[in-house]
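Asks: Sequence unavailable; structure follows:
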C-alpha cells in the first residue's frame, strides 16, 4: 500500500472511531467533539470555529500512542485539518459533521476512556491541557 493510501486509511480510521452519532439528546446548542493527534503519523489542527477545551495523552505500556482533544464546536462550518506527519503536503480538511458529537465534556471524556480500555492492558490517560 502506498504512503498516501496509509495516510488516507488513518484518516478513515479516525472518522470511524469518532464518527459514532452521539448528538445532544436534550436538543442543546453546545456540541462537543473529540479529535486526535498520532505522533509520527498525523496531526490535527482545528480551525477558529472549534474551541479546544482539554487534551489527554494516551499511553499504552508507557508509550505515547495518541493525544485526544475534546473541543466545543462554535459554528457548524467548523473543520479540522488532518496533516500527514511524514508528508505534510498531504492534508485532509474534515468537516465537523464527520466527527461524533457529544452533549457535554463528561460524555466525551467517557468515550475516550472507553476507547482505550480493554481487559488488563496497561493503558492510561494523562491530562495535557
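Replies: Arrived safely, thanks for sending. Every value quoted in this text rests on a predicted model; they were computed, and no experiment measured them. Numbers count the residues shown, from 1 in each chain.

Asks: The residue nearest to residue 45 when sequence neighbours are not counted and residue 53, how far apart?
Replies: Nearest in space to residue 45, with sequence neighbours left out and distances taken as Cβ to Cβ, 6 or more residues apart in numbering, is residue 81 at 4.5 Å. Every residue, glycine included, has its C-beta placed from N, CA and C. Computed as Cβ to Cβ, to the nearest Å, the residue 81 to residue 53 distance reads 19 Å.

Asks: Just name whatever secondary elements the helix or strand encompassing residue 93 is in contact with.
Replies: In this assignment (DSSP states H and E), residue 93 forms part of strand 91-95. Packing partners of strand 91-95 (3 or more Cβ pairs under 8 Å, 6 or more residues apart in numbering; DSSP states H and E): helix 3-18, strand 79-84.

Asks: Compare the mean pLDDT across those and name the weakest.
Replies: Per-stretch mean pLDDT for those is lowest at helix 3-18 (a mean of 46).
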